[in-house]
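Visitor: For reference, the sequence and a predicted model appear below.
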Amino acid sequence: MLSLLRFGVIFSFFLSATALSLLVLKTFSFGKKTLYAKPRGDAKKGVLYAFGRGMLPWEKESTSKHLPTYVSGMLYHAGIFAALFYLLSLIFSLELSRLFIYLLRFLFFLGYLGGFTLLFKRIFLPTMRKISCPDDFAANTIVDLFLIFAFVHTYSVRATPLFFLVAILMFLYIPVGKIRHCVFFFYARILFGLFYGRRGVLPPKTHKI
């Protein structure tokens, strides 16, 4: 049973990765916009800014005004990446130290706390509820379950079947739901940095008075 579920996790992962790759390749079918203006900056510096200083909350007007949500999101994603690493360690039978398990467990808990907070806001804040769709709730719930079973598994291996089943569900859902932003986020930030770096807009220049 576990061997079949392990195969299911691996298969669903590669199926998801293939579907996401095809979605990225599809964007190239729209063609490439011709840039007529001469470069005024360095595109590579724009990309570095987009993934570096540009990710800090005070560099974004909307984020700087909603710091608790920013922190919740950061904790959420840290927990998710930790859970994915933990799943990988189980699939490939990697031995993790007890201290490292404690660290992962802590990240799972913080991640779930962040995810539940965001889901709570989406349900009970009228402004958030109005702009939410079923996909928003489904994606959050699936990932929250993934974090919960990752946490439980650190205490009992009996949770392995459920953890693997939720992982399979999550991987299958990624290409068709909003969770696919886990790939398109990086792709979009690269394009963002390249374009505005070339224009000399990023990184922003500081002017001395």
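Guide: Received, thanks.
Visitor: contacts, neighbours, all on C-alpha from now
Guide: Will do.
Visitor: okay but Gly115 is in contact with Met74, surely?
Guide: No - between Gly115 and Met74 there is no contact under Cα atoms under 8 Å: 9.7 Å.
Visitor: quick one, which of these two is more surrounded?
Guide: Gly115 (25 against 16; other Cα atoms under 10 Å).
Visitor: Look up the pLDDT of that one for me, please.
Guide: Listed pLDDT for Gly115 reads 90.
Visitor: Please identify which helix or strand holds the residue positioned nearest the centre of the chain.
Guide: Residue closest to the average C-alpha location in the chain (Cα atoms, centre = their mean): Cys182, at 3.9 Å. Here Cys182, judged by DSSP states H and E, is contained in helix 181-198.
Visitor: That helix packs against which elements?
Guide: helix 43-51 (3 or more Cα pairs under 8 Å, 6 or more residues apart in numbering; DSSP states H and E).
Visitor: In the helix it packs on, which residues are buried?
Guide: By neighbour count on 16 or more other Cα atoms under 10 Å, the buried set for helix 43-51 is 43-50.
Visitor: got it, and stretch 110-121?
Guide: Buried positions in stretch 110-121, judged by neighbour count with 16+ other Cα under 10 Å: 110-119.
Visitor: Roughly how far does the residue nearest to the centre of the chain sit from His77?
Guide: Per Cα to Cα, to the nearest Å, Cys182 is found 9 Å from His77.
Visitor: likewise Tyr155?
Guide: The value you get for Tyr155 to His77, if Cα to Cα is used, is 22 Å.
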